[in-house]
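> Take this sequence and fold it.
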Amino acid sequence: MEIDLTLLHSGTIEQINITNLYTIPKEYFSTNQVLEINNIKVEGKIYQAASDDDEEKFQDYIQYKIKGDIILEDSISLEPVNYPISIEYDDILEENYKKNENTLDIFQFLWENILLEVPLQFTKVKDLSKFHGDGWKLISEDEQKTSNNPFSDLLNNDKEE
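Presented below is the predicted three-dimensional model:
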């Protein structure tokens, strides 16, 4: 979504309000565990304020909140899992918009901040006993610490040296 900043820069308006729903196209997240990103609600504003360095110089600022749900692939069960996100963003728009055209592509801000919220691994599985096979089973970290490890003697010898 391209936002025209001309009215803000000319002083005609004090701020530009941003309120929109977005759906992120699948080609953006096809290389990771994200299955869907739909109905991302964005509310915020773009405004001008005096620069911290020079009181007579004005800078553009963007401030918004992103709320929505990301459908992820569960790291253990591989089933779709709902992962809610809530992001607050507040920054200066120095090099983030096309100055010659006085436009801002808000989608790039959204995508970068949503991508930062996607966890590397996420699971809602509580009962690991369902995940087993011929000669193997999935165990929790607590079970790993308390179980009989055939290599524990070797590990203890390493620690002593």
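> center of this structure - which residue?
Centroid check for the chain by CA atoms, centre = their mean gives Glu117 as the closest residue, at 2.3 Å.
> got a list of what it touches?
Residues near Glu117 by CB atoms under 8 Å, 6 or more residues apart in numbering: Ile70, Ile85, Ile87. C-betas here are computed from N, CA, C, even on glycine.
> after the lengthiest helix in the chain comes which helix or strand?
Ranked by residue count, the top helix of the chain under DSSP state H comes out as helix 106-117. Next helix or strand after helix 106-117 toward the C-terminus (DSSP states H and E): strand 132-133.
> Might you calculate how far that next one sits from the centre of the chain?
33 Å (CA atoms, centre = their mean, to the nearest Å).
> any weak-confidence spans in the protein?
54-56, 94-100, 143-161 (pLDDT under 70).
> Tell me which stretches of it form helices.
Going by DSSP H, the chain shows helices at 6-10, 106-117, 141-146, 152-160.
> contact partners of the first one?
When you say that, I think you mean helix 6-10. Ile13, Glu14, Gln15, Ile16, Ile46, Tyr47, Gln48, Asp60, Asn102.
> Give me the buried positions along that helix.
Residues Leu8 are the ones in helix 6-10 that count as buried (16 or more other CB atoms under 10 Å).
> Please apply the same query to stretch 44-59.
Neighbour counts using 16+ other CB under 10 Å place Gly44, Ile46, Tyr47, Gln48 of stretch 44-59 among the buried residues.
> Please save the CA atoms from that stretch in PDB.
Taking Å, rounded to 0.1, in the frame of the first residue of the first chain, the C-alpha atoms of stretch 44-59 are listed here in PDB:
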ATOM      1  CA  GLY A  44      -1.300   3.900  13.300                       C
ATOM      2  CA  LYS A  45      -0.200   7.300  12.000                       C
ATOM      3  CA  ILE A  46       2.500   9.200  10.200                       C
ATOM      4  CA  TYR A  47       3.300  12.600  11.500                       C
ATOM      5  CA  GLN A  48       6.000  15.300  11.500                       C
ATOM      6  CA  ALA A  49       7.800  16.500  14.600                       C
ATOM      7  CA  ALA A  50      10.900  18.600  15.400                       C
ATOM      8  CA  SER A  51      14.200  16.800  15.000                       C
ATOM      9  CA  ASP A  52      16.100  16.000  18.200                       C
ATOM     10  CA  ASP A  53      19.300  17.500  16.700                       C
ATOM     11  CA  ASP A  54      17.800  20.700  15.200                       C
ATOM     12  CA  GLU A  55      14.600  22.200  16.500                       C
ATOM     13  CA  GLU A  56      13.900  24.000  13.200                       C
ATOM     14  CA  LYS A  57      14.200  20.800  11.100                       C
ATOM     15  CA  PHE A  58      11.200  18.500  11.000                       C
ATOM     16  CA  GLN A  59      11.300  14.700  10.500                       C
END
